[in-house]
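[1] from the sequence below, what's the structure:
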Amino acid sequence: MPSNSRISRRSFLKTASALSMSPLISGPVVASTQRKGSDIRIKQIRVEYQDFTYRTPYRFGGRSVDATTLLNIHSTVETVDGHVAEGFGSMPLGNAWSFPSKTLSYDTTLDAMKHLAQRIAKITEDYKEPGHPIEINFVLETAYLRAAEEVTSEMRLDQPIPKLCTLVTASAVDAAVHDAFGKVHRRNCYLTYGPEFMTYDLGRYLGPEFAGKFPSQYLLRAPKPWLWCNHSVGAADPIKTSEIKERLNDGLPQSLEQWIVADGLTHLKIKLDGNDLDRDVARVVEINQVATSVKVPEGVRSWHYSLDFNEQCPDVEYLLDFVRHIKQQSPGCFERITFIEQPTRRDLVASPEQYLFQVSRMKPVVMDESLTGLDALLRGRKIGYTGVALKACKGQSQSMLMNAAAQEFKMYLTAQDLTCPGASLIQSAGIASHVPQIDTLESNGREYVPSGNAAWVKKFPGLFEVRDGKLHTEMLSGPGLSAL
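    Coordinates of the predicted model:
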């Protein structure tokens, strides 16, 4: 670790001064002289990893994934009046999604994320200013991004570590700090996002129009009792049982037909390739036919689909043609589509011509890979995005801020995961169950990496085992993020 990695008060003020020049931030960003007794200091950040193999490959965005590495973070924090608590955060290092590369191998990008995780942990541990978790994350983001630049240089990578990748790497650290903050105050995290605990309002983070407002105003105090499970249908997953090429015989379903019956599913997230219009249209129409014909629990009459291209559409015209074909071939299927997720490239600066207004007038078009902060959200709105996907893998802090911004802008809200097993699914479910507008949650860890859920099923059976098409979340009201 470089000798200047420790965040001193002087370097903090220097960073804060630079941040204060941003037009998105209201007023100067400096250390508060009116600290709250509830504020915490970071005492320790400890890093661990867990590796899991997928039971079957998951194909999305033109790539196939068959393994995952979890970044597990243990944090220790202390309030300004001396109370100490430990927290835990976990997130898959989804390098295939957050750091896609045509030249760097999977192992290289994963190794880069591990190096960056160690840097981020050290930066966070060395930061000694007291604050609320959202404030701490906000101040340190610049240092995290600088660390990503350092790792890129030291590893001699032929492309920089993307901001999205840095957010994913930092998200487990952020979660562990939020978890510890809730536990040191013996409260669920979602009860700590108001003026009682936060020195700064949203004007500091989102601009002057948010002055006087806090994240708590956009959240439910208690989790919803359940969410619809938005079951992911990978781009290579068998739809009909007759399409299964090799039976796993592990007691779990393999085809979509089997999953629908076993889990009582009514909400499907369909992954599409975006490089063959006829094939994409045919796949959605086939899924609709199978879903509406499979025997499901009595009384189920409605089906809902979300479509995820993972930025693979070559242009907006492809997407328009796709939507028109679906509407012509199966009007009922078209009506069942709730939103379309990240259809075109994630880089909105390099490709600002991706105007999506024609599509978003028909269905909500949701930002996912493109959404890396407020600046990206504002750019997305200018080209026609009308919704956002909240994801724990981009950080608990960012999720709270983007939720508030999206609600103020009256955007469509959904919650997605990153094939999140264990504690990472619990965090994702916590976010989704506290946002009033969200009624579904993607949960594909149970499909592709159930071994990552094994240690959690008994404690949260209704969340990790779906039988009625629902993810049961009423138990997520304990201290912190409710993961331990």
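[2] for the stretch 301-450 of the chain, what spans make up the strands?
    Assigned by DSSP state E, counting those that start in this stretch, the strands in the stretch 301-450 of the chain fall at 304-308, 337-341, 365-367, 387-391, 412-416, 440-442.
[3] D107 is in what secondary structure piece?
    helix 106-126 (DSSP states H and E).
[4] buried set for the helix or strand following that helix?
    For helix 106-126, the following helix or strand on the C-terminal side (DSSP H and E) is helix 133-154. Neighbour-count burial for helix 133-154, with 16 or more other C-beta atoms under 10 Å as criterion, is recorded at 133-141, 143-144, 147-148, 150-152. For glycine as for every other residue, the C-beta is placed from the backbone atoms N, C-alpha and C.
[5] give me the domain ranges for the chain.
    9-207, 217-472 (automatic domain parsing).
[6] between the two ends of stretch 452-463, how far is it?
    Start-to-end span of stretch 452-463 (C-alpha to C-alpha, to the nearest Å) is 14 Å.
[7] other residues contacting it?
    For stretch 452-463, the external contacting residues (C-beta atoms under 8 Å, 6 or more residues apart in numbering) are 50, 52, 68, 70, 226, 421-423, 425-426, 429, 445-446, 464-465, 470-473, 475-476.
[8] thinking again about what came up before, pipe the strands of the stretch 301-450 of the chain into TSV and attach mean neighbour count per row.
    Listed next are the strands of the stretch 301-450 of the chain as TSV, based on neighbours: other C-beta atoms under 10 Å:
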stretch	mean neighbour count
strand 304-308	23
strand 337-341	22
strand 365-367	26
strand 387-391	25
strand 412-416	24
strand 440-442	25
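[9] could you redo those as JSON lines and give each row mean pLDDT?
    Shown next, in JSON lines, are these (pLDDT from 0 to 100):
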{"stretch": "strand 304-308", "mean pLDDT": "98"}
{"stretch": "strand 337-341", "mean pLDDT": "98"}
{"stretch": "strand 365-367", "mean pLDDT": "98"}
{"stretch": "strand 387-391", "mean pLDDT": "98"}
{"stretch": "strand 412-416", "mean pLDDT": "98"}
{"stretch": "strand 440-442", "mean pLDDT": "97"}
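[10] which of these sits closest to Y200?
    strand 387-391 (21.1 Å; C-beta to C-beta).
[11] mind giving me the packing neighbours of the closest one?
    With contacts defined as 3 or more C-beta pairs under 8 Å, 6 or more residues apart in numbering; DSSP states H and E, strand 387-391 has these neighbours: strand 365-367, helix 396-408, strand 412-416, helix 423-434.
[12] name every strand pairing with it and say which way it goes.
    strand 365-367 (parallel), strand 412-416 (parallel) (DSSP bridges).
[13] any chance of the ones you listed in a markdown table, plus distance to I287?
    Formatted as a markdown table, those follow (distance: least, C-beta to C-beta, whole Å):
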| stretch | distance to I287 |
| --- | --- |
| strand 365-367 | 19 |
| strand 412-416 | 18 |
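[14] how near is the nearest residue to A415 once chain neighbours are set aside to T419?
    Nearest non-adjacent residue to A415, counting by C-beta to C-beta, 6 or more residues apart in numbering: A432, 3.6 Å away. In this view, A432 and T419 are 16 Å apart by C-beta to C-beta, to the nearest Å.
[15] neighbour count winner among those two?
    A count of neighbours by other C-beta atoms under 10 Å puts A432 above the other of A432 and T419, at 30 against 27.
[16] how about the more buried one, what does it touch?
    L227, L390, A415, I438, T440, L441, T473.
[17] count of neighbours near the last one?
    Neighbour count for T473, taken as other C-beta under 10 Å: 23.
[18] what does the fourth one give?
    I438 has 19 neighbours, counted by other C-beta under 10 Å.
[19] that one contacts K391, correct?
    No: under the criterion of C-beta atoms under 8 Å, I438 is not in contact with K391, lying 11.9 Å apart.
[20] which residues do these two both contact?
    The contact lists of I438 and K391 share A415, where a contact means C-beta under 8 Å, 6+ apart.
[21] what is the burial count for the closest residue to I134 other than its chain neighbours?
    Once flanking residues are discounted, I134 sits nearest to S397: 4.6 Å by C-beta to C-beta, 6+ apart. Neighbour count of S397, defined by other C-beta under 10 Å: 27.
[22] I'd guessed S397 sits against V139; true?
    No: the pair S397 and V139 does not pass the contact test of C-beta under 8 Å, sitting 10.6 Å apart.
[23] after the longest strand along the chain, next one along is what?
    Counting residues, the longest strand found in the chain (DSSP state E) is strand 40-60. Per DSSP H and E, strand 40-60 leads on to strand 63-79 as the next helix or strand towards the C-terminus.
[24] got the CA positions of that next one in CSV?
    C-alpha atoms of strand 63-79 as CSV (Å, rounded to 0.1, in the frame of the first residue of the first chain):
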residue,chain,number,x,y,z
ARG,A,63,-20.9,-13.9,-22.0
SER,A,64,-21.3,-17.0,-19.9
VAL,A,65,-20.5,-17.2,-16.2
ASP,A,66,-19.9,-20.4,-14.2
ALA,A,67,-18.3,-19.3,-10.9
THR,A,68,-18.4,-16.4,-8.4
THR,A,69,-16.1,-15.0,-5.7
LEU,A,70,-17.7,-13.4,-2.8
LEU,A,71,-16.0,-10.4,-1.1
ASN,A,72,-16.9,-10.6,2.6
ILE,A,73,-16.1,-7.7,4.9
HIS,A,74,-16.1,-7.5,8.7
SER,A,75,-16.1,-4.0,10.1
THR,A,76,-15.6,-2.6,13.6
VAL,A,77,-16.9,0.9,14.3
GLU,A,78,-17.0,3.1,17.4
THR,A,79,-19.4,6.0,18.2
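[25] measure the residue nearest to A415 to F197 for me?
    Distance of A432 to F197, computed by C-beta to C-beta: 22 Å.
[26] next: D417.
    For D417, the distance to F197 equals 27 Å [C-beta to C-beta].
[27] now swap in K269 and tell me
    On the measure of C-beta to C-beta, K269 and F197 end up 35 Å apart.
[28] G87: what secondary structure?
    strand (DSSP: H, G, I helix; E, B strand; the rest coil).
[29] and it, what does it touch?
    Applying C-beta under 8 Å, 6+ apart, the residues contacting G87 are 74-77, 175-183, 480-481.
[30] let me know the closest of those to E209.
    Using C-beta to C-beta, those come closest to E209 at H178, 25.4 Å.
[31] that closest one touches P133, doesn't it?
    Yes: here H178 lies in contact with P133, judged by C-beta under 8 Å, at a distance of 4.6 Å.
[32] which stretch in the domains of the chain has the least confidence?
    Across these, domain 9-207 has the smallest mean pLDDT, namely a mean of 90.
[33] pull the distance from it to the chain's centre.
    13 Å (C-alpha atoms, centre = their mean, to the nearest Å).
[34] also stretch 475-483?
    Relative to its parent chain, stretch 475-483 has a centroid offset of 18 Å by C-alpha atoms, centre = their mean.
[35] stretch 337-353 too?
    Distance of stretch 337-353 from the chain centroid (C-alpha atoms, centre = their mean) equals 16 Å.
[36] contacts for that stretch?
    Contact with stretch 337-353 is made by 164, 269, 274, 304-313, 315-316, 319, 323, 326, 354, 356, 359, 363-370, 376, 379-380, 383, 387, 389, 412, 414, 416, as judged by C-beta under 8 Å, 6+ apart.
[37] can you pull up the bridge partners for the spatially most central residue of the chain?
    Taking C-alpha atoms, centre = their mean, the centroid of the chain lies closest to K391, which sits 1.7 Å from it. Here K391 sits in beta bridges with Q416, going by DSSP bridges.
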